[in-house]
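Student: sequence plus predicted model, see below.
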Amino acid sequence: MKSLSVIGIILLAVSALLFYLTTDFTVEKITISHIMGVMAGIGIGLIFGGMVGYVSKGSAIKAEAKRKEFLQLQKDKVELEKQALEIEKRKAELEQQNENPQI
């Protein structure tokens, strides 16, 4: 949204500059072409805003997917570590039973 605001400010500044260069800020000199220019500027702003919004939303979705995958991998790692500890315990028990067989 920050980039969208920056694009809007830039377009507003360009339109104010063009308006100043063409009319010297006098209301009597405003014509239909100026209104059409304002509408075109709004249209361009909406197009840029849509593109920026689409890109930023896609980036946010990808980042969220990576975050979820990372959390899942951490959970899997903890589970595997628990299983490894259980296997080591069983192995130690079996070795102890092999050393001291009870008849």
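Tutor: Perfect, I can see it now.
Student: just give me the neighbour total for Ser56.
Tutor: Neighbour count of Ser56, defined by other C-beta atoms under 10 Å: 14. Heads up, the C-betas are built off the backbone N, CA and C, glycines and all.
Student: now do the one helix or strand Tyr54 maps to, average pLDDT.
Tutor: Taking DSSP states H and E as the definition, Tyr54 sits inside helix 32-99. Mean pLDDT, helix 32-99: 88.
Student: now it, how far from the centre of its chain.
Tutor: On the basis of C-alpha atoms, centre = their mean, to the nearest Å, helix 32-99 sits 10 Å off its chain's mean C-alpha point.
Student: helices or strands up against that helix?
Tutor: Judged by 3 or more C-beta pairs under 8 Å, 6 or more residues apart in numbering; DSSP states H and E, the packing partners of helix 32-99 are helix 2-23.
Student: and the helix it packs on, what's buried?
Tutor: 4, 7-8, 11, 15, 19 (16 or more other C-beta atoms under 10 Å).
Student: least confident pick among those residues?
Tutor: Leu4 (69).
Student: give me the residue at the spatial middle of the protein.
Tutor: Nearest to the mean C-alpha position of the chain, by C-alpha atoms, centre = their mean, lies Ala60 at 2.4 Å.
Student: measure that one to Tyr54 for me?
Tutor: Remark: distance between Ala60 and Tyr54 (C-beta to C-beta, to the nearest Å) = 11 Å.
Student: what of Ile35?
Tutor: Taken as C-beta to C-beta, the span from Ile35 to Tyr54 is 29 Å.
Student: equivalent analysis for Gln83, please.
Tutor: From Gln83 over to Tyr54 (counting by C-beta to C-beta), the distance is 44 Å.
Student: hmm, back to that, possible to save the buried residues of helix 2-23 as CSV with distance to Gly41?
Tutor: Below are these laid out as CSV (distance: C-beta to C-beta, whole Å):
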residue, distance to Gly41
Leu4, 15
Ile7, 11
Gly8, 10
Leu11, 6
Ser15, 5
Phe19, 10
